[in-house]
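> sequence and predicted structure below; questions after.
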Amino acid sequence: IAGITQAPTSQILAAGRRMTLRCTQDMRHNAMYWYRQDLGLGLRLIHYSNTAGTTGKGEVPDGYSVSRANTDDFPLTLASAVPSQTSVYFCASSNIRNEQFFGPGTRLTVL
Amino acid sequence: GENVEQHPSTLSVQEGDSAVIKCTYSDSASNYFPWYKQELGKRPQLIIDIRSNVGEKKDQRIAVTLNKTAKHFSLHITETQPEDSAVYFCAAHYTGGGNKLTFGTGTQLKVEL
């Protein structure tokens, strides 16, 4: 059992390029989340999904989009990357007790 | 929405001493309060949590207390060890709009030998 996996582990991206960060969980959790964590700062919610087929905006959604076609996958897309999107991105999922578990993170650098 | 404040931002203790981190929340409807530990370069990991129907929960050297009236909760680590050094985040489960956690800004705990 893998839990939550994210890909890629790290990426360097030119500004203006499109990028999709992948997140997959095998725990059959209904709810999933994307956070960004900037150096020395806390976790800020980008988008979330309470169940397959639904998504919602978090605290910092601008410049990002998500989809939730099935229970396991929750990809995050940057349509046109900008340097301010340089960050560590964590995907998470939560069980019916609201216990939230994080993936290993993707370190993204936009130049 | 929910707002969570966390103090202190940094905390340095001697090995063997106790450490206390405090958080306050704004929404009285919040009912679940987890604590996460994040080591450098790693993912946040759930270490303990408390729900609104209890006042205290303990797991070996860590404990969490909740005061619903004052809307604050605290993490207590006793007999600190160097491996306790990490960033700790508190969070509150906000029921008002979606199934979400609101996180505090984190406390950098350093346990010195």
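Good, I have the coordinates.
> how about the residues of chain B by chain A?
B:32, B:34, B:42-46, B:49, B:89, B:91, B:93, B:98-101, B:103-106 (C-beta under 8 Å from any C-beta of the partner chain). Glycine gets a C-beta too; all of them are placed from N, C-alpha and C.
> pLDDT below threshold where in the chain?
Answering for chain A, as no chain was given. Applying pLDDT under 70 to chain A flags the ranges A:1.
> that's the other chain; I wanted chain B
B:96-97.
> for chain B, what spans make up the strands?
Secondary structure of chain B (DSSP state E): strands at B:4-7, B:10-14, B:19-25, B:32-38, B:45-51, B:56-59, B:62-67, B:72-77, B:86-94, B:100-103, B:107-112.
> okay, the ones you listed in TSV with mean neighbour count next?
Below are those laid out as TSV (neighbours: other C-beta atoms under 10 Å in any protein chain shown):
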stretch	mean neighbour count
strand B:4-7	18
strand B:10-14	13
strand B:19-25	20
strand B:32-38	22
strand B:45-51	17
strand B:56-59	12
strand B:62-67	18
strand B:72-77	21
strand B:86-94	25
strand B:100-103	24
strand B:107-112	17
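> find the nearest non-adjacent residue to residue 71, please.
Here I'm looking at chain A. Using C-beta to C-beta, 6 or more residues apart in numbering or on different chains and skipping residues adjacent in sequence, the residue nearest A:Thr71 is A:Ala52, 5.0 Å away.
> I was thinking of chain B, sorry if that wasn't clear
Leaving aside its chain neighbours, B:Lys71 sits nearest to B:Tyr25 (5.3 Å; criterion: C-beta to C-beta, 6+ apart).
> can you pull the phi/psi pair for A:Ser80?
Recorded main-chain torsions at A:Ser80 are phi -150, psi 90, according to degrees, to the nearest 10.
> list the contacts of stretch B:2-17.
Residues outside stretch B:2-17 that contact it (C-beta atoms under 8 Å, 6 or more residues apart in numbering or on different chains): B:19, B:21-27, B:30, B:79-82, B:89-92, B:94, B:96, B:102-113.
> now do the end-to-end distance for it.
The first and last residues of stretch B:2-17 sit 33 Å apart, counting by C-alpha to C-alpha, to the nearest Å.
> and it, how far out from the chain middle?
How far stretch B:2-17 lies from its chain's middle: 9 Å, per C-alpha atoms, centre = their mean, to the nearest Å.
> which strand residues bridge residue 77?
Using chain A here. A:Thr20, A:Ser65 (DSSP bridges).
> ah, I was thinking of chain B
B:Ala19, B:Ile62.
> I'd say it and B:Asp84 touch.
Yes - shown here, B:Ile77 and B:Asp84 form a contact pair, counting by C-beta atoms under 8 Å, at 5.8 Å.
> what residues are shared contacts of these two?
Here B:Ile77 and B:Asp84 have B:Ala19, B:Leu109 as joint contacts, going by C-beta under 8 Å, 6+ apart.
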